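>>> Show me how the following folds:
(2 chains)
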Amino acid sequence: MNAMPDPSRTSPRMEVRLGVVMLCHNELPRAARLAQVWAAGGVSVVIHLDAKVPAEEVATMRADLAGHENIVFSRRHRCEWGTFSLVQATQDASALLLDRFEDVTHVMVVSGACLPLRPVADLVAFLASHPKRDFIESVTAADVGWTVGGLNEERFTLRFPFAYRRHRKLFDRYVDFQRRWKIKRRIPDGLVPHLGSQWWCLTRPTLRAILSDRRRPEYDRYFRRVWIPDESYFQTLARRHSNQIESRSLTLAKFDGQGKPYIFYNDHRQLLEDSRCFVARKIWPQATALYAHFPRPLAGEPSAAEPQPERVDRMISQAVLRRKLGRPGLYMQSRFPQKDRENGKTSGSYAVLQGFTDLFPDFEEWLSERLDADVHGHVMSTHGVEFAGRTGIGPGGLCDSAAMRDLDPRGFIANLIRMSQRPQVMQLSPRDDQSLNWFMATDPNAQIFVIKGAWAVPLLHSGMPFDDIRRVAAILQRTELEQMEIFSSVWLKARTRIWDLGDFCARPAGALRGVLRELGGEPEAAANLPQMRELAGMGRFLQRLRNAGLQPQLMGDFPAADTMPSKENT
Amino acid sequence: MTIRNEKIRLPFFLEYYRRMGVQHFLVVDNGSDDGGPEYLAEQLDVSIWSTNASYKSSRFGMDWLNWLLHSYGSGHWCLTVDPDEFLVYPHLDSRPLKALTDWLDASAIRSFSAMLLDMYPKGPIAAQPYSEGQDPFQIANWFDPANYTIRKNGAYGNLWIQGGPRCRAFFRDNPDQGPALNKIPLVRWERHYAYLSSTHMLLPRSLNVVYDEDGGEKASGCLLHAKFLSTFATKSAEELERRQHYSDSQEYMAYHAGLQEAQDFWCEASRRYEDWHQLENLGLISKGNWA
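Predicted coordinates:
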């Protein structure tokens, strides 16, 4: 197979002969089939088999591939993840490839779990359109943002004698030890550490220069003690020997945010095809539909079109985000964030109103007529949840039982908000359960409106014995004072608007207009005020509390000489 | 799993899990007299153990199952379920169970959470008779989307999940008596592991940490619970009689009281079951980073 001149271009093309280094450690039958796919595309293949692969499997594979002149096997190394053995395997195999196949112009590293998606001829055509470029992801270690575990530059300056996967504790302790004592290795002169994907594609001159560098023994000695050198050896040395680095990999190989390669399944078929990538990894070994479908056969002229992996990238970054941040306001079996680590305490905006129903008996109805929102009663009431319309079962199947709500109040409120299409508006009172105050105060989705001291209005009209009133007032006042401490703390994230009863009653229409505006309603709809409870006698009532030894602190100013409620005066 | 007179459920159960790729079934029969054990003995992929000992004093069958897991489970991914529990996990429609367990292996995850999701029909649960071999979710195809309470169990590190239709119908005033819905049924078993109480929690405790505490989502699934079928009325009467269940069958007493009046769990907020995507969108299960 030759790179066909692309008729759309007139510039003469260099002839490209591709060679592939294939690293295999398991699933040999699959790898053998892929080697045949490469070979059939005119590619020379050198296979490295991990020394740990059982002899009979190796024999089978060798027998399967015996008829292919352009498939050879390189010296076997015992490979362990994260160690220099993988570099050695690659070095030996690529040296063999360059020596044995003298017409090879480009060398690409693939694994037995890498699946070519497009025809091999496409890849050759693509390389032919940039014949001098080395496609190797190579980012300075100082600027890498993707590594897991926080080891970027330290990969090059610390020693890693213990295997990460088998002796994790020793590995970590030795890293800590070196950090504490500031023990550092010297990086060989002239090397600038770079990191990147080990699935590269280099030109013969660059690769040859790396392999026959005069100082290679020194570099090899150094990289033997670098952590995960297969992600840095060629990436660093290519910077010394190449003058045309294209810092990206031609292999679609993504990580899942936990440092593991992302795995593709049958249901990714269309996505992979649309990505127009040349090679993808990893493929689940039993994803038979993918292995049957790819690589796509060559139809017409080979295409040098650029890969477009954006959709795959987006899917994977969404998955990474889901694992790392999760969905705001969701509490479930596999997401149960600790306090203040929620990444969003709730999923949508909601409003909490305190004191309004004490002052306006029909407030809920009045408000719901003026807002596109679900206006609930006191959802935290100790008697039970007052859902809008007083349904026994609310959104999501939530029950109006206070006992059920109180098992997990955070989950209750988050579910209520998450399961409703419209914003949620709820009433609060010092008479209610107070366990969500901190939660709501530290939630940027919350809007909290409070008329301080309004709880006194129902007491004024209660007709209870004064001793009881005094006792209840003391409790409610203490509760509301504690609330106010929370709602004015430095940790406050909610938007709050707090009036005292006196201020509010001085101009209720203006205050309600403000409330409607902030909740997205029409401020002018506050023109028809809801029926307000009689406040005459409040001054006298507060004075009686004072006389009984209870200092009202929240209501604002009411003249003490005020008369008793008008009803009782008549 | 442990069975007692569940023959009517077995054909669909086996078919469901075989299609998922389960290779072998290990069953303890606790004195069935409905032909179930004979039926299972004919199946090539079922091993069956029989006992007439007390279900209650074997800690509700868990001692038997732990022993089987201990003897045969090591090194395998083991799914421990009741005959009325049907695993649903992300990508169920396109990826076999082996894809999930391979991914869990690759991710160094040893246990997989699947909370119990009570399914129920619309209307009285006895209204539509269930027949052998039938997909129970053709009848019981409704569930509660978001009324689950979650608390962390400090002693063992697992989450206690309660709620759902049973809780709102029978335990609204004493919800902490309601049935636990948290389950960790899929575990890559090792000899020193053990289930503590049903499949709600395990030892060592690290196996119970199937949730993320920093806001992220780990992958998880659901066990669709096909308990509330026409077969349930007779079953609950029988279980009440035997008094072999948890807390002296308190749960069954509550059901029985409710069921006398032809219990209907359906409410306005109920959702009709569609597929795993729906459960994922509702936040009952999560793909985590297994997209």
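>>> Let me know the pLDDT of the closest residue to B:Lys98 other than its chain neighbours.
Closest residue in space to B:Lys98, ignoring its immediate chain neighbours: B:Gly21 at 5.1 Å, by Cβ to Cβ, 6 or more residues apart in numbering or on different chains. Any C-beta I mention is one placed from the backbone N, CA and C, and that applies to glycine too. Looking at B:Gly21, its pLDDT stands at 95.
>>> swap in the one 4 residues further on?
Reading off the confidence values, B:Phe25 has pLDDT 96.
>>> what does A:Trp81 give?
82.
>>> Number of residues surrounding it?
Number of residues near A:Trp81 (other Cβ atoms under 10 Å in any protein chain shown) recorded here: 13.
>>> still on that earlier bit, ok now do the residue nearest to B:Lys98, which residues does it touch?
Listed by Cβ atoms under 8 Å, 6 or more residues apart in numbering or on different chains, the contact set of B:Gly21 reads B:Pro96, B:Leu97, B:Lys98.
>>> Not counting the top helix by length along chain A itself, show me its contacts.
Under DSSP state H, the helix in chain A containing the largest number of residues is helix A:466-487. Outside helix A:466-487, the residues that touch it by Cβ under 8 Å, 6+ apart are A:354, A:430-431, A:434, A:437-438, A:441, A:448, A:450, A:452-453, A:455-456, A:459, A:462, A:464, A:492, A:494, A:496, A:498, A:544-545, A:548, A:550, A:552-554.
>>> Just checking: what are the partner strands of the following helix or strand past it?
As assigned by DSSP states H and E, the chain's next helix or strand after helix A:466-487 is strand A:495-500. The strands that strand A:495-500 pairs with in its sheet are strand A:446-452 (parallel) (by DSSP bridges).
>>> what does the stretch 151-291 of chain B put close to chain A?
Within the stretch 151-291 of chain B, the positions lying close to chain A (Cβ under 8 Å from any Cβ of the partner chain) are B:151-152, B:159, B:161-165, B:167-168, B:172-176, B:182, B:210-220, B:267-270, B:283-291.
>>> Please pick the buried ones from those residues.
B:151, B:159, B:161-165, B:167-168, B:172, B:175, B:182, B:210-212, B:215-220, B:267, B:269-270, B:283-291 (16 or more other Cβ atoms under 10 Å in any protein chain shown).
>>> Let's see the distance spanning stretch A:510-524 from one end to the other.
End-to-end distance of stretch A:510-524 (Cα to Cα, to the nearest Å): 10 Å.
>>> Geometric centre of chain A: which residue is closest?
In chain A, the residue lying closest to the centroid (Cα atoms, centre = their mean) is A:Leu321, at 1.7 Å.
>>> roughly how far apart are that residue and chain B?
9 Å (Cβ to the nearest Cβ, to the nearest Å).
>>> Among the contacts of helix A:466-487, which ones are in helices?
A:Asn437, A:Trp438, A:Ala441, A:Ala456, A:Leu459, A:Arg544, A:Leu545.
>>> about what we covered before: quick check: buried residues in the longest helix of chain A?
Quick answer for helix A:466-487 (16+ other Cβ under 10 Å): A:Ile469, A:Arg470, A:Val472, A:Ala473, A:Leu476, A:Gln477, A:Thr479, A:Glu480, A:Gln483, A:Met484, A:Ile486, A:Phe487.
>>> got a markdown table for those residues, with distance to B:Phe232 and pLDDT too?
Shown next, in a markdown table, are these (distance: Cβ to Cβ, whole Å; pLDDT from 0 to 100):
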| residue | distance to B:Phe232 | pLDDT |
| --- | --- | --- |
| A:Ile469 | 53 | 94 |
| A:Arg470 | 55 | 94 |
| A:Val472 | 48 | 95 |
| A:Ala473 | 53 | 95 |
| A:Leu476 | 48 | 96 |
| A:Gln477 | 53 | 95 |
| A:Thr479 | 46 | 96 |
| A:Glu480 | 49 | 96 |
| A:Gln483 | 47 | 96 |
| A:Met484 | 52 | 96 |
| A:Ile486 | 47 | 96 |
| A:Phe487 | 49 | 95 |
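>>> quick check, nearest of the contacts of B:Gly21 to A:Leu65?
Using Cβ to Cβ, B:Lys98 comes nearest to A:Leu65 of the contacts of B:Gly21, at 27.9 Å.
>>> Do I have it right that that closest one meets A:Gln286?
Yes - counting by Cβ atoms under 8 Å, B:Lys98 touches A:Gln286, with 6.6 Å between them.
>>> can you count the residues close to the residue of the stretch 301-450 of chain A found nearest chain B?
Closest approach between the stretch 301-450 of chain A and chain B, counting by Cβ to the nearest Cβ: A:Gly396, at 3.1 Å. By other Cβ under 10 Å, the residues close to A:Gly396 number 21.
>>> ok, now which ones touch it?
Neighbours of A:Gly396 in contact, by Cβ under 8 Å, 6+ apart: A:Asn415, A:Leu416, A:Arg418, A:Met419, B:Asp144, B:Pro145, B:Ala146, B:Asn147, B:Ala269.
>>> if we go to 6 Å?
With contact taken as Cβ atoms under 6 Å, 6 or more residues apart in numbering or on different chains, A:Gly396 is in contact with A:Asn415, A:Met419, B:Pro145, B:Ala146, B:Asn147, B:Ala269.
>>> for it, helix, strand, or coil?
Per DSSP: H, G, I helix; E, B strand; the rest coil, the local secondary structure of A:Gly396 is helix.
>>> Setting the sequence-adjacent residues aside, check what's closest to it.
B:Ala146 is the one closest to A:Gly396 (Cβ to Cβ, 6+ apart), at 3.1 Å.
>>> Can you give me the end-to-end span of stretch A:54-73?
End-to-end distance for stretch A:54-73, by Cα to Cα: 15 Å.
>>> likewise stretch A:154-164?
15 Å.
>>> centre of the chain versus it, how much separation?
28 Å (Cα atoms, centre = their mean, to the nearest Å).
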